[in-house]
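# Structure for the following, please:
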Amino acid sequence: MIPQDWCEAVPYFNEGRHERILQKVAALRETTTVFPAEENVFSALQAVPFEDVRVVILGQDPYHGAGQAHGLSFSVPEGAKFPPSLRNIFKEIDAEFHDGTKRDVSTNLTRWAEQGVLLLNATLTVQEGKAASHAKLGWNAVTDDIIKAISRKRKNVVFLLWGKHAQDKRPLIADNNHCVLEAVHPSPLSASRGFFGCNHFILTNNWLREHRQSEIDW
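Here you go, the predicted structure:
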């Protein structure tokens with residue numbers, strides 16, 4: 001379920017400490033509906049080899065509506081209801097690169113992952129209809145260790161931290177060799193207070209280009 005390269009890079013996996021959390025989730029699946037499906041819990045890691053990570057976009061927890069969560073932060077499968085936060089993300093991208101022209105885009109962000117964008121939620125599972133319901137299962141210790149491993153072992157990675165929950169992870173990221181960009185969350189409740197106009201996608205590509213990496217096709 002967890003790719004070997006991530007197991008080797010992240011001590012929490014290497015030491016098997018995540019197994020206790022998976023046991024808790026398995027027990028909860030017996031009495032409640034849990035998202036995403038078991039095979040998609042680690043989709044973010046399956047989509048991007050550790051050595052290929054160039055950008056990290058940190059979300060909070062999976063979507064808790066049916067047919068939405070598939071293991072990548074902010075992303076939903078093609079054909080699912082378009083989440084407002086994701087809609088605002090594309091609105092900002094269109095403003096930065098396309099003079100605000102609205103494009104037809106896929107809600108499935110796998111194409112970003114294929115370019116080295118790790119779409120990681122801080123909590124990897126959730127109960128149907130109950131946001132943050134699995135926040136205390138221990139997932140944060142796992143994802144904190146993932147962030148620390150990337151910070152220590154990779155170079156010139158861009159971390160996009162949107163909203164206070166993501167920005168609380170800032171101390172986990174070493175100041176050297178990385179670019180950290182912060183803004184309010186793209187939720188409709190806050191996007192107009194600093195997400196729109198943040199230019200994070202242009203700034204990300206500028207950083208990658210300056211460090212001799214290919215740009216992300218957003």
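# Show me the strands in this protein, by range?
34-35, 55-59, 117-121, 126-127, 158-162, 179-183 (DSSP state E).
# all helices of the protein, in order?
Remark: helices assigned in the chain by DSSP state H are 4-9, 11-14, 19-29, 43-47, 84-97, 110-113, 139-153, 164-167, 200-210.
# Format these as TSV; extra columns: mean neighbour count, distance to Gln127 and mean pLDDT.
To be clear about C-beta, it is placed using only N, CA and C from the backbone, and glycine gets the same treatment. Shown next, in TSV, are these (neighbours: other Cβ atoms under 10 Å; distance: least, Cβ to Cβ, whole Å; pLDDT from 0 to 100):
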stretch	mean neighbour count	distance to Gln127	mean pLDDT
helix 4-9	16	25	98
helix 11-14	17	23	97
helix 19-29	14	7	98
helix 43-47	22	18	99
helix 84-97	18	20	98
helix 110-113	19	25	99
helix 139-153	19	13	98
helix 164-167	17	18	96
helix 200-210	18	31	99
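# and of the ones you listed, who's closest to Cys179?
Cys179 sits nearest to helix 200-210 of all these, at 4.6 Å, using Cβ to Cβ.
# Which other helices and strands does the closest one contact?
Using 3 or more Cβ pairs under 8 Å, 6 or more residues apart in numbering; DSSP states H and E, the elements in contact with helix 200-210 are helix 84-97, strand 158-162, strand 179-183.
# Show me how far the first one is from its chain's centre.
Translated: helix 84-97. Centre-to-centre, helix 84-97 and its host chain are 16 Å apart (Cα atoms, centre = their mean, to the nearest Å).
# Stretch 154-171 too?
What separates the centre of stretch 154-171 from the centre of its chain is 10 Å, taken as Cα atoms, centre = their mean.
# got a list of contacts for that stretch?
Stretch 154-171 has contacts (Cβ atoms under 8 Å, 6 or more residues apart in numbering) with 50-51, 53-60, 122, 144, 147, 150-151, 173, 177-187, 190, 195, 200, 204, 207-208, 211, 213.
# my guess is Trp6 contacts Ala47, does it?
No: if you go by Cβ atoms under 8 Å, Trp6 and Ala47 don't touch, sitting 11.0 Å apart.
# Give me the distance between the spatially most distant residue from the centre of the chain and Val25.
Distance to the chain centre peaks in the chain at Thr31, reaching 27.5 Å (criterion: Cα atoms, centre = their mean). Going from Thr31 to Val25 by Cβ to Cβ, to the nearest Å gives 12 Å.
# nearest to Ala69, of the helices of the chain?
Here helix 43-47 is closest among the helices of the chain (Cβ to Cβ), at 9.4 Å.
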